[in-house]
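Participant: Build the 3D model from these lines:
(one chain, ligands or ions: 1)
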Amino acid sequence: MNRLHIFTFILAIGLSLQLQAKKAEVNRIDPPNWWVGMNHPNLQLMVYGQNIALTQPTLNYPGVALKEVICLESPNYLFLNLEISVDAKPGSFEIQFKDGKKIVDSYNYVLNERFNIPELFKGFDNSDVIYLLMPDRFSNGNPENDEMEGMHEKPKRKNPLGRHGGDIQGIVNHLDYLEELGVTALWINPLLENNMPEQSYHGYAITDYYKVDPRYGTNEDYRKLVEKAHEKGLKIIMDMVANHCGTGYYWNDDLPAQDWYNQWPEFTPSNYRGIVQSDPNVAGYDFDKMVKGWFDPSMADLNQHNPYLAEFIIQNTIWWIEYLGLDGIRQDTYPYAYKDFMAEWMQRILKEYPDYNVVGEVWLNYAPLTAYWLDNETNKDGYRSHLTNVFDFPLMYALNRAFNEEDGWDRGTLALYETLAQDYLYSDPMKLVVMTDNHDGDRFYTKMQEDIRKFKLGMAFAMTVRGIPQIYYGGEILMSGKEHDGHGYIREDFPGGWEGDKVDVFSGKNLSDEQNEALGFTKRLLNWRKSNKAVQFGEFAHYIPENGVYVYFRHTDKESVIIMLNNAEEERTIDLSRFTENLKGYSTGKSVLTRAYFDQLDEITIPAKSPLIVELIKDRSTPPF
Ligand code: CA
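Facilitator: Here you go, the predicted structure:
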């Protein structure tokens, strides 16, 4: 090769490299589709593809205007801000990505019609009992999807932190069981893709906000689950994570902008101190650690102060609600994200779905801290969360103690009384979600020291106190487990969910006597709760515990229930004259659990360490049987 040839050759390579670099394509657009008739007229499309920022997008559809095209730092993303007018019709249009006059790539974008079912999007309320289940651990309805191409982690049922194969079909298969159990809403841990090398079973390291993990099924399977659940009168509550995503996300090594994540020179964990968000004396150092620190090395902390990321998260939430016909949301790690963003997120949900409910995981142990997050107009710093529901962690901690202690001046059931006496702090205590346990702590039966009497006391309390009760899968058959032993041990497989299981709750095979007793107790309690308006929506009135017995009423104008929790090791006979103010107008009663009939309301005997729930009856001439 002479010099000229070498020069030409280098020039040719250079040109072809340049052309290659300019070659642009669309890999995906999020959200993948949208709807006409939304109350918020704007739509941000995040276009991802090699060099897509070097193109000029255009579209032509009546009622849809492309207002703005933004490129951040990476050339592989474009943000398109669309405005959809009120008269835009459902249909589809081509978004063309051009280099000058040449169309480089295009994407067919669909605008659907919204659900037109008035019963949808009503949220959850005090008539509900929520059942939390972990999809990988509930039931394997389709062993074919346990191992899926492209997914890094393979199934390993023997590993407590491995994937066990549970899936959406497993839930669908057992909706009858759940309906008969008496729960009315399912909170399912995240079903979205977690394509992480290990511990991907829990779902909190999401690697695609728009896609169900193929080991659980497809987006369409999730939608059908919601439909089938609705047919049985069961609501579906989706577990969402706005604070962080899995580091296996496609964007992890090519962020639209460096501030997509809260960045640190090296892995810096959050201090996990949600208290900083309401602390008037907080140090900036601690606040930043809480909000910008990472939850885990595998979970990148999203920066919701980047407006494009913020809009991405908000639209993703709306997309799932509308796509699934979803009934409610549980939002993870609530105080770990910027609270102004979370308030904006809530308002945008309520703008589309005014009756909606979101319960926030605000894991703080004291009522004043919890009360700060439940929407109110009285926070001293003026913060309004717009959050409709919050978990009642303070009451769970009181419940953990109450029945394990002998009653005394400041012990035993007084813990329940004292916690509920602080209800004045809440804008509406009925909006609290009262849980026995959840997937992050010791199982309820373990906390009740594996004593079925305490289990019954605790369940009776949780199902009858003010608020919305939530139980954890397997609690009804006394599954046990300590968080200290590792998360795998509080998230074990539900017996009967896998073919060949020795114990099968669904068919009733090989359950112990105690398990049958607990299951029967739970069914009876929950199914009664379904039909009693007083215990769902009634006023709550309680009496200071005396002699080891805690007594409270749930009442409306029409109905009343008295709940007596005997925490003593001896049988107690209660003189009811102390409760005259709540018994006025009632003459007899019926025990909900034993069906025993009380022909007068003067005194009632309660066996040792047990609950008694009595439906009060106004007119003795019409006994309820
Ligand atoms: Ca499976």
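Participant: Format the CA atom coordinates belonging to the helix or strand containing Asp239 as CSV.
Facilitator: Asp239 is part of strand 235-240 when elements are defined by DSSP states H and E. Output of strand 235-240 as CSV, limited to C-alpha atoms (Å, rounded to 0.1, in the frame of the first residue of the first chain):
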residue,chain,number,x,y,z
LYS,A,235,-59.1,-6.1,45.4
ILE,A,236,-55.5,-6.0,44.3
ILE,A,237,-53.0,-3.6,45.9
MET,A,238,-49.7,-3.2,44.0
ASP,A,239,-46.4,-2.9,45.8
MET,A,240,-44.5,0.0,44.2
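Participant: what distance separates the next helix or strand after that strand from the middle of the whole chain?
Facilitator: For strand 235-240, the following helix or strand on the C-terminal side (DSSP H and E) is strand 244-246. Chain-centre distance of strand 244-246: 16 Å, with CA atoms, centre = their mean, to the nearest Å.
Participant: Get me the contact residues on this protein for the ion.
Facilitator: Proximity of the chain to the ion, by CB under 5 Å from the ion, involves residues 140, 142, 145-146, 165, 167. Bear in mind the C-beta positions are built from the backbone N, C-alpha and C, glycine included.
Participant: Can you say which of these are buried?
Facilitator: Neighbour counting by 16 or more other CB atoms under 10 Å classes 140, 142, 145-146, 165, 167 among those as buried.
Participant: Narrow those residues to those in helices?
Facilitator: Judged by DSSP state H, these include no members of helices.
Participant: need those in CSV with distance to Met238, can you?
Facilitator: Output for these, formatted as CSV (distance: CB to CB, whole Å):
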residue, distance to Met238
Asn140, 21
Asn142, 21
Asn145, 20
Asp146, 23
Gly165, 21
Asp167, 16
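Participant: between those, which is nearest Gly458?
Facilitator: Using CB to CB, Asn140 comes nearest to Gly458 of those, at 30.1 Å.
Participant: quick one: which helix or strand includes Leu132?
Facilitator: strand 130-133.
Participant: Pull up the pairing partners for that strand, direction included.
Facilitator: strand 185-188 (parallel), strand 468-472 (parallel) (DSSP bridges).
Participant: could I have the next helix or strand after that strand exported to CSV, CA atoms only?
Facilitator: The helix or strand immediately downstream of strand 130-133 is helix 135-138, counting by DSSP H and E. What follows is helix 135-138, C-alpha atoms only, in CSV (Å, rounded to 0.1, in the frame of the first residue of the first chain):
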residue,chain,number,x,y,z
PRO,A,135,-45.5,-14.2,44.9
ASP,A,136,-42.3,-16.2,44.7
ARG,A,137,-43.3,-18.0,47.9
PHE,A,138,-47.1,-18.4,47.7
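Participant: Can you give the contact residues for the helix or strand following helix 135-138?
Facilitator: As assigned by DSSP H and E, the chain's next helix or strand after helix 135-138 is helix 168-173. Helix 168-173 has contacts (CB atoms under 8 Å, 6 or more residues apart in numbering) with 133, 135, 138-142, 186, 188, 191, 212, 216-217, 221-222, 224-225, 228, 497.
Participant: So how do I select the buried members of these in ChimeraX?
Facilitator: Here is the ChimeraX selection string for the buried members of the contacts of helix 168-173, based on 16+ other CB under 10 Å:
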select :133,135,138,139,140,141,142,186,188,191,212,216,217,221,222,224,225,497
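Participant: before we move on, back to that, closest to Tyr445 among the residues of the chain next to the ion?
Facilitator: Nearest to Tyr445 out of these is Asn140 (CB to CB; 23.7 Å).
Participant: Looking at the closest residue to the closest one other than its chain neighbours now. What's its pLDDT?
Facilitator: Excluding the flanking residues, the one nearest Asn140 by CB to CB, 6 or more residues apart in numbering is Gly165, at 4.2 Å. We have a pLDDT of 98 for Gly165.
Participant: so what's Gly165 up against?
Facilitator: By CB under 8 Å, 6+ apart, Gly165 lies in contact with 136, 140, 143, 145-146, 155, 157, 215, 498.
Participant: what about the helices in the stretch 501-625 of the chain?
Facilitator: 513-531, 533-537, 580-583 (DSSP state H, counting those that start in this stretch).
Participant: Highest mean neighbour count across those, which stretch is it?
Facilitator: helix 533-537 (a mean of 20; mean count of other CB atoms under 10 Å).
Participant: Rounded mean pLDDT for that helix, please.
Facilitator: The average pLDDT within helix 533-537 is 98.
Participant: just checking, what packs against it?
Facilitator: helix 513-531, strand 549-555, strand 560-566 (3 or more CB pairs under 8 Å, 6 or more residues apart in numbering; DSSP states H and E).
Participant: Now find how far off-centre the longest strand seen in the chain is within its chain.
Facilitator: Assignment by DSSP state E gives strand 102-112 as the longest strand of the chain. Distance of strand 102-112 from its chain centroid, counting by CA atoms, centre = their mean, is 34 Å.
Participant: Could I get the buried residue list for that strand?
Facilitator: So, applying 16+ other CB under 10 Å, buried residues of strand 102-112: 104-105, 107, 109, 111.
Participant: Tabulate those residues in CSV, adding columns for pLDDT.
Facilitator: CSV is the format used below for the buried residues of strand 102-112 (pLDDT from 0 to 100):
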residue, pLDDT
Val104, 96
Asp105, 97
Tyr107, 98
Tyr109, 98
Leu111, 98
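Participant: count of residues packed around Met238?
Facilitator: 24 (other CB atoms under 10 Å).
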